[in-house]
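Novice: quick one, what's the 3D model for this:
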Amino acid sequence: MIDFLFCALLSLNIFFILIVLFNFFSPLNLQVPKSTKLSLEKNISVLIPARNEEDNIKNCLEDVFKQDLEHKEVICLDDDSTDDTLNVLLDLKKRYGELRIIQGKELPDGWTGKNWACYQLAVNSTGDFLVFIDADVRLKKFAIKSAISLMEKYDIKMLSIFPTQVMRTIGEYLIVPLMNWFLLTFLPLIFVRKISHSSFVAANGQFMIFRRDAYFKIGGHQAVKNKIVEDMELARLMKKNNCRIMTLLGGDLVTARMYNSFLDGLNGFSKNFFSGFNTSYFKFSFFLFFILIVFLTPFLLVFIDVKFFIVVGLILIQRVLISKKSNQNIFINLLLLPLQLLMVLVIGIRSMILTNRGELNWKGRNLSHIK
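Specialist: Numbers count the residues shown, from 1 in each chain. Model prediction:
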């Protein structure tokens, strides 16, 4: 039995390390191209939904106004914030006169808050390209132009970027790195662009760019108005409508501090984890069990048979490669790996329980009632 388990775990981890290696050596990080010149007739709309973002919105908008774009409009929507977000925006308006501030309308029935905010931004925009970014995103000077240059080069209708995550606490490191771990372990990311089937999708709502015609062709955020993980649903819709999409890592050009603490990360990932897989409770539970067996149990089985150190070694190599590709601290990720894997189980179970109980909340809004 032990020999069979060893062979099974070894084979599976060889398979997954091949995916990781493929991603590691693929050009997945957003980079400044040799030529960042865009056609002058291209108009860019930078659209930022902001709900209780008083700590982030100033830095984000300052980065946006430093972008090397000839024709851009910048629109920020205050989504019924209860903090000082609106006043921060009004102060920024004094410095950047071209900034447009929209006061979000009352949330209609059947919509999630972010989807409603993004849709309002889209219908008030005029650009050929719609750039949706979250308020916690930071951009280097050529970030947007570099992304749109790739869209022009490959005829991409939707481009999504997973920002390089800034983490400052151990609590964040327990959870946030899991996002790129999933992304680079289970999916050859270049397949998102090269394969048209809607199963090969990955998207991050922190940074998404759409060609205007394609966005409204699929119905935009209105088409996914009741979806909690709207980025993935939009990506699937794009592919189903024969629109080519691309997903990249932020590299040095796009960064973000997604969560500020362990609790924020726990709540955020619990909100998205189960819904993002768009599957049944049974299949999702099986997936959690699969991760537990394949990636975590080898750390325990080494105490039964030393040959499981080979499997553990493969898992550690995977972690090193993903950490390096994601610009994350390799030592911390290696040190915390068993706990990170355990958090997959904890967050997954918590996500299912909260969904089943109708207790999903985010930024003061209940999400579970939305159908």
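Novice: rest of the way, CA atoms for contacts and neighbours
Specialist: Fine.
Novice: ok, and the closest non-adjacent residue to L336?
Specialist: Closest residue to L336 apart from its sequence neighbours, by CA to CA, 6 or more residues apart in numbering: L174 at 6.8 Å.
Novice: so when I look at the one you found, I'm seeing a helix, right?
Specialist: Yes. Assigned with DSSP: H, G, I helix; E, B strand; the rest coil, L174 falls within a helix.
Novice: what sits against it?
Specialist: The contact partners of L174, by CA atoms under 8 Å, 6 or more residues apart in numbering, come to F262, L336, L339, Q340, M343.
Novice: again, only this time at 7 Å
Specialist: Contacts here follow CA atoms under 7 Å, 6 or more residues apart in numbering; on that basis L174 touches L336, L339, Q340.
Novice: now L339
Specialist: L174.
Novice: that one sits in which helix or strand?
Specialist: Remark: L339 resides in helix 330-357, with elements defined by DSSP states H and E.
Novice: hmm, who's touching the very next helix or strand once past that helix?
Specialist: In the C-terminal direction, the helix or strand that comes right after helix 330-357 (DSSP H and E) is strand 361-362. With CA under 7 Å, 6+ apart as the test, strand 361-362 has contacts from L367.
Novice: next: stretch 212-223.
Specialist: Applying CA under 7 Å, 6+ apart, the contact partners of stretch 212-223 are N115, C118, Y119, D128, F129, L130, K157, L237, M238.
Novice: show me what counts as buried in it.
Specialist: Going by neighbour count (16 or more other CA atoms under 10 Å), the buried part of stretch 212-223 is R212, A214, Y215, I218, G220, H221, Q222, A223.
Novice: before we move on, back to that, can you tell me which of the contacts of stretch 212-223 lies nearest to D78?
Specialist: For the contacts of stretch 212-223, the residue nearest D78 by CA to CA is C118; the value is 10.9 Å.
Novice: what residues are up against the closest one?
Specialist: P49, H221.
Novice: helix, strand, or coil at it?
Specialist: Assignment for C118 (three-state DSSP): helix.
Novice: please report how far it lies from L28.
Specialist: 26 Å (CA to CA, to the nearest Å).
Novice: and the strands in the stretch 1-150 of the chain, which stretches?
Specialist: For the stretch 1-150 of the chain, the strands defined by DSSP state E, counting those that start in this stretch cover 44-50, 72-78, 100-103, 129-133, 137-139.
Novice: quick one: the first one to strand 129-133, angle?
Specialist: Going by axes from the mean of the first three to the mean of the last three CA atoms, to 10 degrees, strand 44-50 is angled at 30 degrees with respect to strand 129-133.
Novice: and strand 44-50, what does it pack onto?
Specialist: With contacts taken as 3 or more CA pairs under 7 Å, 6 or more residues apart in numbering; DSSP states H and E, strand 44-50 sits against strand 72-78, helix 113-123, strand 129-133.
Novice: closest to V20 out of these?
Specialist: Across these, closest to V20 is strand 129-133 (CA to CA), at 27.5 Å.
Novice: what does the closest one rub up against?
Specialist: With CA under 7 Å, 6+ apart, strand 129-133 has contacts from 43-48, 206-212.
Novice: and the two most separated of those residues?
Specialist: It's N43 and Q206 that sit farthest apart of these, by CA to CA, at 20.9 Å.
Novice: show me which of those two is the more surrounded one.
Specialist: Neighbour totals were compared for N43 and Q206, and Q206 leads with 21 against 18 (other CA atoms under 10 Å).
Novice: got phi/psi on F210?
Specialist: Phi and psi for F210, reported as degrees, to the nearest 10, are phi -120, psi 140.
Novice: equivalent analysis for M158, please.
Specialist: Backbone torsions for M158, taken as degrees, to the nearest 10, come to phi -140, psi 130.
Novice: do you know the pLDDT at it?
Specialist: M158 is assigned 98 on the pLDDT scale.
Novice: what's the burial count for it?
Specialist: Other residues close to M158 by other CA under 10 Å number 28.
Novice: and what of the one 3 residues further on?
Specialist: I161: 26 surrounding residues under other CA under 10 Å.
Novice: ok, it - contacts?
Specialist: Residues near I161 by CA under 7 Å, 6+ apart: N204, F207, M208, T247, L248, L249, G250.
Novice: that one: which element?
Specialist: Assigned by DSSP H and E, I161 belongs to strand 158-162.
Novice: tell me the strands beside that strand, with direction?
Specialist: When pairing is defined by DSSP bridges, strand 158-162 lines up against strand 207-211 (antiparallel), strand 245-249 (parallel).
Novice: nearest to L77, out of those?
Specialist: Nearest to L77, of all these, is strand 207-211, at 15.9 Å by CA to CA.
Novice: report the rounded mean pLDDT for the closest one.
Specialist: Strand 207-211 comes out with an average pLDDT of 98.
Novice: same question for stretch 115-128.
Specialist: Here the average pLDDT along stretch 115-128 is 97.
Novice: need the CA coordinates for it. PDB is fine.
Specialist: Output of stretch 115-128 as PDB, limited to C-alpha atoms (Å, rounded to 0.1, in the frame of the first residue of the first chain):
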ATOM      1  CA  ASN A 115     -20.300  44.700 -10.700                       C
ATOM      2  CA  TRP A 116     -22.800  47.600 -10.400                       C
ATOM      3  CA  ALA A 117     -19.900  50.100  -9.900                       C
ATOM      4  CA  CYS A 118     -17.900  48.800 -12.800                       C
ATOM      5  CA  TYR A 119     -21.000  48.900 -15.100                       C
ATOM      6  CA  GLN A 120     -21.700  52.500 -14.200                       C
ATOM      7  CA  LEU A 121     -18.100  53.400 -15.000                       C
ATOM      8  CA  ALA A 122     -18.300  51.600 -18.300                       C
ATOM      9  CA  VAL A 123     -21.400  53.300 -19.600                       C
ATOM     10  CA  ASN A 124     -20.000  56.700 -18.600                       C
ATOM     11  CA  SER A 125     -16.800  56.100 -20.500                       C
ATOM     12  CA  THR A 126     -15.800  56.900 -24.100                       C
ATOM     13  CA  GLY A 127     -12.500  55.000 -24.600                       C
ATOM     14  CA  ASP A 128     -11.600  52.400 -27.200                       C
END
